[in-house]
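In: sharing a model that was predicted from the sequence below.
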Amino acid sequence: MRITPNNAGLGARIEGIDIAEPLSPADYRTVLRALGQYGVLCFPGQDLDAPQLAAFGSRFGTLEVNVANLFHAPGHPEVMILSNQRDAAGQPIGLNDAGQGWHTDMSYSTEIALANALHAKQVPQRDGRPLGDTQFRNMHAAYDDLPAEVVERLEGRVAVHDFEKFWDVMRQRPGSIRGPLTEAQKAKKPPVRQPIFRTHPITGRRVLYCNPGYAMWIEGLERTESDALLEYLFRHQAQEKYLYSHAWTPGDLLVWDNIGTCHNAVADYRPEEPRLILRVQVMATLDYAALAA
Ligand code: OGA
Ligand code: MN
């Protein structure tokens, strides 16, 4: 196994390993540590079916079954399908607008996510160049650079995160096939409180855990001050120096840290430029500090 970090401060390629085979204990630990250190890991040239992707993902924690559970691999509700394609009957075969806007998966849930693992089967192309990049921001670095007075003001505070905020943003996008959340879906995903700063379970370092997709307000502050501080945090994390864009190649398995990064799907491709991705979401259910030690 060879790990080649990007020069972006975020992201690394890991080659020389077949993810269809179970990871050895030593490789498992190396991958886990790399996930904390680099935030986004690309394993190129993989060829995984839904059960193999689920088997890999479940080594790192319990796999989530999405509340809206729109599209999944047959017999595998934990393996979501992301696609802009339709079947012969004209029905969508996958979720066509996942993650289009900056967010952190599962920050709207009391139990947060450790990671996502996405495996590209088809990548849209135009003029020989890949489209549909997934972009990331480095929330370790964003925390480290915060002015001391901001850290002091926000340390120990929580923000309220709401699943419906980002759902409704995505619903407004042209071509969205999402309906409004039903009362039953909303009841399963009530707003939750999240600390604005938390300690990353793999690196042991502090991260900024507050994203524009789901964070609504900061508890215990006047709404105007809360709005201003959130606006500040969102602008701060949006600086170019924290950005890494992953340009996909079919066969990539991309595993990203959902505690130390936030992400955005770039919607720059059209229906005739096919995208097909298998996805699992790994909940933070294990003792990663112990596993990475
Ligand atoms: C996700 C997501 C981004 C993409 O799967 O959580 O945000 O580029 N996807 O598909
Ligand atoms: Mn996402």
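Out: Right, received. Where do you want to start? Ligands and ions are numbered 1, 2, ... in the order given.

In: please make it C-alpha for all contacts and neighbour counts, starting now.
Out: Noted.

In: hey, what's the closest residue to ligand 1 within the stretch 151-293 of the chain bridged with?
Out: With Cα to the nearest ligand atom, the shortest gap between the stretch 151-293 of the chain and ligand 1 falls at A265, namely 3.9 Å. Under DSSP bridges, the beta-bridge partners of A265 are T134.

In: if I pick it, what's in contact with it?
Out: When contacts are counted by Cα atoms under 8 Å, 6 or more residues apart in numbering, A265 touches 98-102, 132-135.

In: can I get those residues in CSV with distance to A290, pLDDT and neighbour count?
Out: Listed next are those as CSV, based on distance: Cα to Cα, whole Å; pLDDT from 0 to 100; neighbours: other Cα atoms under 10 Å:
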residue, distance to A290, pLDDT, neighbour count
A98, 32, 85, 17
G99, 31, 90, 20
Q100, 34, 90, 18
G101, 34, 93, 18
W102, 31, 97, 21
G132, 36, 98, 20
D133, 33, 98, 19
T134, 30, 98, 18
Q135, 30, 98, 19
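
In: just flag the most distant two among the residues you listed.
Out: Spatial extent of those (Cα to Cα) is set by the pair W102 and G132 at 14.3 Å.

In: quick one: the residue of the stretch 151-293 of the chain closest to ligand 1 from ligand 2, how far?
Out: In this view, A265 and ligand 2 are 8 Å apart by Cα to the ion, to the nearest Å.

In: next: R13.
Out: Shown here: R13 relative to ligand 2, a distance of 20 Å by Cα to the ion.

In: assumed that residue was part of a strand.
Out: Yes. Per DSSP: H, G, I helix; E, B strand; the rest coil, R13 lies within a strand segment.

In: which residues touch it?
Out: 2-6, 41-44.

In: let me know the closest of those residues to L243.
Out: N6 (11.8 Å).

In: the closest one reaches Q37, doesn't it?
Out: No. Taking Cα atoms under 8 Å as the definition, N6 is not a contact partner of Q37, at 11.7 Å.

In: these two - which one has more neighbours?
Out: Legend: neighbour count by other Cα atoms under 10 Å for N6 and Q37, higher for Q37 (20 against 14).
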